[in-house]
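# Sequence isn't available, so here's the structure alone:
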């Protein structure tokens, strides 16, 4: 059974560097870090991005300036169709960055003249998959500051769980996000764009 690290395609945009840039909100400087963890925090009701509409419709996993999983509804639904998982979703509104007037009205509502795309969400996984890191075959360094904890892994090797790997998952020992082979296949068959899949070793 195969596992893959899920990453964004950092080569498709060219210039500019990102497909979309967030419009600042309360604690937006900490948002990406929070979203890549599993602890709940005060989510905004909606995240707004000024986006390149020549690129956004083409990519389900776009490049943004937030270190968070911004995914199309189609991509999330496909991952969930393999096996549901513990998660939170925050609605995302993409705003055409060529709109030169005020994006928001005086009362904070969105200007109805602006072109938008509301088919994206910020996804946060809210639990870790435990006890699947093969400590004997992985290569890692222990923390000097937190006894008993791993600070860095240069090679990840997983142990196959009896019930199989989740469709998408995180482990507490690594900041990365992983998917199983079935998830990778269904994303590829449905032409989901913007993903890079890096194989991760699974021990026998």
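That came in fine, so what should we check first? Computed from a predicted model, the values in this text were never measured in an experiment. Numbers count the residues shown, from 1 in each chain.

# tell me the domain ranges of this structure?
11-125, 139-203 (automatic domain parsing).

# Residue 133 is nearest to which of these?
Residue 133 lies closest, by C-beta to C-beta, to one member of the domains of the chain: domain 139-203, at 5.4 Å. C-beta here means a position set from N, CA and C on the backbone, and glycine is covered the same way.

# related to what we said a few turns ago, which one of the domains of the chain lies nearest to residue 1?
Going by C-beta to C-beta, the one of these nearest residue 1 is domain 139-203, 5.5 Å.

# Start and end of that closest one, how far apart?
13 Å (C-alpha to C-alpha, to the nearest Å).

# Ok, stretch 57-76 next?
16 Å.

# how near is the residue nearest the centre of the chain to residue 199?
What sits nearest the mean C-alpha location of the chain, by C-alpha atoms, centre = their mean, is residue 69, with 2.1 Å. To residue 199, residue 69 is 20 Å away according to C-beta to C-beta, to the nearest Å.

# before we move on, back to that, can you redo the domains of the chain as TSV with mean pLDDT?
Formatted as TSV, those follow (pLDDT from 0 to 100):
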stretch	mean pLDDT
domain 11-125	91
domain 139-203	94
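
# Secondary structure element for the residue lying farthest from the centre of the chain, which one?
What lies farthest from the middle of the chain is residue 106; by C-alpha atoms, centre = their mean that is 32.5 Å. Assigned by DSSP states H and E, residue 106 belongs to no helix or strand.

# Give me the phi and psi for it.
Backbone torsions of residue 106, given as degrees, to the nearest 10, read phi -60, psi -30.

# what about the residue nearest to residue 47 when sequence neighbours are not counted, distance to residue 147?
Excluding the flanking residues, the one nearest residue 47 by C-beta to C-beta, 6 or more residues apart in numbering is residue 92, at 5.0 Å. Distance of residue 92 to residue 147, given as C-beta to C-beta: 40 Å.

# Tell me which of those two has more neighbours.
Counted by other C-beta atoms under 10 Å, residue 92 and residue 147 do not tie: residue 92 has more neighbours, with 27 against 7.

# pLDDT at residue 10, what is it?
pLDDT recorded at residue 10 is 83.

# Which one of the domains of the chain lies nearest to residue 5?
Using C-beta to C-beta, the domains of the chain put domain 139-203 closest to residue 5, at 4.4 Å.

# for the closest one, the distance to its chain's centre please.
Domain 139-203 has its C-alpha centroid displaced from the chain centroid by 13 Å (C-alpha atoms, centre = their mean, to the nearest Å).

# still on that earlier bit, and the domains of the chain: which comes nearest residue 4?
domain 139-203 (4.1 Å).

# And for the closest residue to residue 99 other than its chain neighbours, the neighbour number?
Distances taken as C-beta to C-beta, 6+ apart place residue 114 nearest to residue 99, at 4.7 Å, with adjacent residues excluded. By the criterion of other C-beta under 10 Å, residue 114 has 16 neighbours.
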